[in-house]
Each structure stands twice: as structure tokens, then as C-alpha cells.
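K.L.:
Kindly return the folded structure for what I paste below:
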Amino acid sequence: MTTTVSPAAMADAVFTNARIVLPDEVLTGTVSIRDGLIADVSAGPSRAGEDFGGDWLLPGLVELHTDHLESHYAPRPGVRWNPLSAVQAHDAQIAASGITTVFDALRIGTDFEAKLDGHDMRRLADAIEAGVAGDRLRADHFIHLRCEVGAPDSLEAFALFEADPRVRLASLMDHTPGQRQFASLEHWRAYYQAKNSLTDAAFEEMLAARIERAARHAEAHRQAIAERCRAAGIVIASHDDATAAHVAESIEHGVAVAEFPTTLAAAEAARAGGLSILMGAPNVVRGGSHTGNVSASDLAAAGLLDILSSDYVPFSLIHGAFLLTGPDAGLTVPDAIALVSRNPAEAVGLTDRGAILPGRRGDVIRVRLDHEVPLVRGVWRTGRRVS
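P.N.:
Residues are numbered from 1 along each chain as shown. Prediction:
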């Protein structure tokens, strides 16, 4: 699957003396980009072009699930920022982190504490469209609908996006306490009560309300949204599967990507079912899950990880990928970089990017690694420098 790129967004470039990460090897050499596409990859230096001085040359990163945009739109309780300004601020940080293709995760279904609804999300989607139309954005933006199936208004909110061609991915999410991500009610209490500064009485009231509304809505909404996604050709992801039964249910709904399985058993079932397994890069950077679930590094070491997502910290994507080349997971550099480029691109049908190969889009990044924390020194999208 390819996407149309305007001629103004394309440029020519030559990069030499670079450590080029190809799908199966690292090659020291030169990459040429013409008309926005990779034209040639060769060993050895070139007399022309930008000298990378031995820096890494990687495919531009592909991010499938980032909640980061929302923090720019609602930076404080009760505050709503100009949506185009929020999108541009988010986009700048995304690009500076080496991400050239991003799926902005917009919530479908009003949450208790966030107070953001489908109309807020539609404003952000319209701002993304305005940013693309006005050539204001550095990265290539798509939309991921993260659908909270237990929310009473999730179908109403989903309807606001059904005719939007920028929507390519939707996840079926259920954050009801006592299961999936928060199988332990104590973990849920520690996360939400502290986050929202709730008294014990207020917390118990919110807990009971969440469980009650999920019992009324979750199953019907999960089925309805999955059916609408299948009809529209939208890739479906599950979210926080904890058991083999959860995975089996996901497969019945036509899920292709298993986002953030919380246990080894769920990840093994996802692999057996042919799903792509996505985990959070912050899990890798922190050395484990912040809610006590399975470690992403352990899944990588077991061959049960296909895709990394930056989730709530954009820079964690490049940082986490290089950490997985260390002794804990022991991945090769090409395999680690595939987790943040080729694999996520292919999982959502974007076969025109994600690898440094002739004919692919000229989306590349320059990275220096002289410290545990990588330094992104340059970002090009279709050959044009954007950061």
C-alpha cells in the first residue's frame, strides 16, 4: 500500500560514510534519494553528499500508538488548547524523536477523569487534516482510534470518524478494573486514586461506576466497533489481553495486532494465533511494566515481540530499540530497528516505507550512539529534511 506525496514534499539527497541499517545487515556506505524515494544503496564512501562520520542511518520510525497529542490539547484540568497549535507542538516532538510516520491515538468513549469526548477528538482530527493540507507537519500523520468499549458514548464517538480516510487503525480497549491491565485492584487503586487525588469514598464510587457501565456496554460495543472496522477496512488491535481466552475473543473479532499483552500466556497465544505483538517502549526503558505486567524485554528475548510503541514518551521508541540490542534481549541492530520501522509499517499495510531499500520512501534518520541514550541528529521525510 502506498500513499500519495506531493512533489513539494519530495527532495533529493545523498548520505555517505554512514552505518546503514538494512533489513538483514549493517552496511557502511552511501544512500541516495531521488524524487522522494530511495534510489540506491551502496557500500563504501561517495565523493558527493552529506558525510555522516560513521553515524547510524536508519529508516524513519513508524509509531502506531501514541497518546502524546492529548497532553498538548488538554495540558491542565479544564484547559483546552488551540487544536492546531497542539498538533504542531506534538508533531515537532514526534519528528525530533526520529518518528516519520505516526498514528495519533484519539480516544473514543468519554473517560471519567479526562472529560474529553468525541467532539474534542474530532477537533484534533480536523486540526491534523489542516496541518497536512497546509504543509505544517513534519511527520506523516494517520489516526488510531482507541475505543473504550465500556464507555456509554463510544459508538456515538466512533460515528464521527467513520468517513475519515486518515483512520487506519482502531483498538478495542477495556480498562475496567479487576481485569486485563489492572487485574490487581490494588494496582488500579495506586494508579487512579493518586493520579486524580481522590478520597477513599470518591475512589470507591468511581470503581463501582466503572464496573457497572462496563457490564452494560462493553461486549455490545466491542462487537459493533469490530464489525464497523472490518467493513471499512480498518486494521483492528486488541488491548491488554491477559489470557488465552482474551486472545481467542480478539481473533474472533478480526484483530491483527495484539497491543500490550499483559502476560506471557497471552503473548504466546497471540503468536500462535498469528497476531503481531506490540509492546510499549517505556516498558523497555524503565526495565519493566509500571503496573506489574509482563516485561517487554522478556518477550523480545523469547521471540514474542514484533512492534514497539512509544505510548506516552515519543523518544522512548528509538531509546528502547537500541536498549533491546543489549544483553537482556540480545537482538541484532537490524532486528531491533525492525520493531520500530518495517514491522509496524507492514502491520497496517504501509508497504512503501519502513526499510532502507530501493523504491521505498526516503524516510530516514541520522542517529549517533556514543551514550546509552541515542542522539537523533537529523530526520528526513521523502528526502526533505524536517528536523
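
K.L.:
What distance do you get for the residue in the chain sticking out farthest from the centre to residue 17?
P.N.:
Ranked by distance from the centre of the chain (CA atoms, centre = their mean), the top residue is residue 47, with 37.8 Å. Distance, residue 47 to residue 17, using CB to CB, to the nearest Å: 11 Å. Placement of C-beta: from N, CA and C, glycine included.

K.L.:
residue contacts, residue 67?
P.N.:
Residue 67 sits next to 105, 146, 311, 312 when contact means CB atoms under 8 Å, 6 or more residues apart in numbering.

K.L.:
Give the helix, strand or coil label for the second one.
P.N.:
Taken by DSSP: H, G, I helix; E, B strand; the rest coil, the conformation at residue 146 corresponds to strand.

K.L.:
Show me what counts as buried in the helix ranked longest in the chain.
P.N.:
Secondary structure of the chain per DSSP state H: the longest helix is helix 200-232. Using 16 or more other CB atoms under 10 Å as the test for burial, helix 200-232 gives 203, 206-207, 210, 213-214, 217-218, 221-222, 225-226, 228-229.

K.L.:
now these in JSON lines, with distance to residue 303 and pLDDT?
P.N.:
Formatted as JSON lines, the buried residues of helix 200-232 follow (distance: CB to CB, whole Å; pLDDT from 0 to 100):
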{"residue": "203", "distance to residue 303": "40", "pLDDT": "72"}
{"residue": "206", "distance to residue 303": "39", "pLDDT": "73"}
{"residue": "207", "distance to residue 303": "38", "pLDDT": "73"}
{"residue": "210", "distance to residue 303": "36", "pLDDT": "74"}
{"residue": "213", "distance to residue 303": "38", "pLDDT": "73"}
{"residue": "214", "distance to residue 303": "34", "pLDDT": "73"}
{"residue": "217", "distance to residue 303": "37", "pLDDT": "79"}
{"residue": "218", "distance to residue 303": "32", "pLDDT": "85"}
{"residue": "221", "distance to residue 303": "34", "pLDDT": "94"}
{"residue": "222", "distance to residue 303": "29", "pLDDT": "93"}
{"residue": "225", "distance to residue 303": "31", "pLDDT": "97"}
{"residue": "226", "distance to residue 303": "28", "pLDDT": "97"}
{"residue": "228", "distance to residue 303": "34", "pLDDT": "97"}
{"residue": "229", "distance to residue 303": "28", "pLDDT": "97"}
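
K.L.:
Looking at those residues, which is nearest residue 62?
P.N.:
Of all the buried residues of helix 200-232, residue 229 has the smallest distance to residue 62: 20.0 Å, by CB to CB.

K.L.:
related to what we said a few turns ago, please identify which two of the contacts of residue 67 are farthest apart in space.
P.N.:
Of all the pairs that the contacts of residue 67 form, the one spanning the most space (CB to CB) is 146 and 312, at 12.3 Å.

K.L.:
out of the two, which sits in the busier spot?
P.N.:
Just comparing residue 146 and residue 312: by other CB atoms under 10 Å the higher neighbour count belongs to residue 146, 20 against 17.

K.L.:
pLDDT score for that one?
P.N.:
At residue 146, the model reports a pLDDT of 95.

K.L.:
Repeat that for the one 5 residues further on.
P.N.:
Per-residue confidence for residue 151 comes out at a pLDDT of 88.

K.L.:
Phi and psi next, for it.
P.N.:
When read as degrees, to the nearest 10, the backbone of residue 151 gives phi -80, psi 140.
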